[in-house]
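Novice: missing the sequence, but the structure's below:
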């Protein structure tokens, strides 16, 4: 792969550029302004990161998480870009290319979660589970849905993924001018495709990170292939995707610890105990001794300065140290594996075989033990499950026969249910369903439902559930 092609500033829908325009922004800088002014981006402020429907003003949402990812991703772009130039790894990579990758990564961080359903990753699982439980029994005409859909169409729902939905939002669902969504640059679109495989190719190459999940829906195959061909990635990950993924992992792993401390899920003493246990295990002893030393020093400083909450101060500042250390590891890893990454043969994440790998694993294990298995989270997930089952049941049942040869089977309530769906989403459905077979249109209607539900905020989903149940 070559940077000249990878940094393609073209858009799926081209537009004429006025020769008299005073706009001196690059195409990637224009992407940034399209994103931050969009309603799709603003809705992230009411979507869960870890704690759904939390009333605290200090707990992260998808919006604040995305801003942090954007910042880390840009920082990685700066350090990696500088290292490529300094080490003369590519004669065609200069200061303009360095600035371009920074802008692309900054934008990619903002939109990487823009397709996530309400209630975090639990929402993805809820959609997958509902479809697996119901598509084998629900009828469309004389066949079940499972018998009617093509294998890839069916697996799109059985392996539903928020990252895949993000591509769909920015290329189609966010109605700005037409059905091309935000119409962002192809370099940016290629960067957010973490898994450049279909739902039929998941784990098709064991051990290759690009096959871990699906990257595009059957309905978006044309856009996906256009992006891949334009960038010259041809089934490989865009090199910047590795940096985006690292930025995402750094942001949420460190934030989970900080938020858990603030929520009282884990105490400073318990965090100390967890790190001490890892020192005593002898593996990576020196690393954990250093992490412990830094954390204790931060706490002592807070005590000496008579801060009101020395434990929170210590953890917050310790997290900043950890972030810096991991960012440095990621930069070194990218440069060390540069040739394989550019050849499309690098199959792992950038933490692998670095100190960052151990740090990230420890943070994940601690967060899971104290935050993700807490009664508070369990209660919220049980409530979210009830909401998802109800909303998916009502809207999927109504969508099956809507706009089909069997529409006479719709009852009055189902017709009203379909009228609730966003008019923009319905417009997109009709645009792409026109002239298609009954089976194709069924697939697009089911996708219409997941489009609508994924576009909901946590509060909107809860309020709609209550309204339709007559609770308010």
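Specialist: Cool, got the structure. Everything numeric in this text was worked out from a predicted model, so none of it was measured. Numbering: from 1, shown residues only.
Novice: From here on, just use CA atoms for contacts and neighbour counts.
Specialist: OK.
Novice: in the stretch 201-350 of the chain, what spans have low per-residue confidence?
Specialist: 282 (pLDDT under 70).
Novice: wait, what's in contact with residue 163?
Specialist: For residue 163, the contact set (C-alpha atoms under 8 Å, 6 or more residues apart in numbering) comprises 112-116, 192-194, 215.
Novice: Nearest to residue 173 among those residues?
Specialist: Set against residue 173, the nearest of those by C-alpha to C-alpha is residue 115 (10.0 Å).
Novice: Kindly indicate whether the closest one is helix, strand or coil.
Specialist: coil (DSSP: H, G, I helix; E, B strand; the rest coil).
Novice: Now for it, how many residues are close by?
Specialist: By other C-alpha atoms under 10 Å, 23 other residues sit near residue 115.
Novice: how near is it to residue 224?
Specialist: Distance of residue 115 to residue 224, computed by C-alpha to C-alpha, to the nearest Å: 16 Å.
Novice: Phi, psi for the residue nearest the centre of the chain please.
Specialist: By C-alpha atoms, centre = their mean, the chain has its centre lying nearest to residue 113, at 3.2 Å. The phi and psi values for residue 113, taken as degrees, to the nearest 10, are phi -110, psi 10.
Novice: which residues touch it?
Specialist: Counting by C-alpha under 8 Å, 6+ apart, residue 113 has contacts 62, 66, 162-163, 166.
Novice: Mark which of those residues are part of helices, please.
Specialist: 62, 66, 162-163, 166 (DSSP state H).
Novice: so how far is residue 22 from residue 219?
Specialist: Taken as C-alpha to C-alpha, the span from residue 219 to residue 22 is 38 Å.
Novice: So which of those two has more stuff around it?
Specialist: residue 219 (17 against 7).
Novice: Check for me that that one belongs to a strand.
Specialist: No: going by three-state DSSP, the assignment for residue 219 is helix, not a strand.
Novice: Quick check: pLDDT value at the closest residue to it other than its chain neighbours.
Specialist: Spatially, and ignoring its direct neighbours in sequence, residue 219 is nearest to residue 444 (7.5 Å; C-alpha to C-alpha, 6 or more residues apart in numbering). Per-residue pLDDT puts residue 444 at 97.
Novice: how close does residue 4 sit to residue 188?
Specialist: 14 Å.
Novice: right, I mislabeled it, should have said residue 269
Specialist: 43 Å.
Novice: More neighbours: those two, which one.
Specialist: Between residue 269 and residue 188, counting by other C-alpha under 10 Å, residue 188 is the more crowded of the two (29 against 10).
Novice: these two touch, right, the more buried one and residue 106?
Specialist: No: Residue 188 sits out of contact with residue 106 when judged by C-alpha atoms under 8 Å, with a separation of 9.6 Å.
Novice: Helices of the stretch 51-200 of the chain, start to end?
Specialist: 62-86, 95-111, 121-134, 145-148, 151-158, 162-168, 186-192 (DSSP state H, counting those that start in this stretch).
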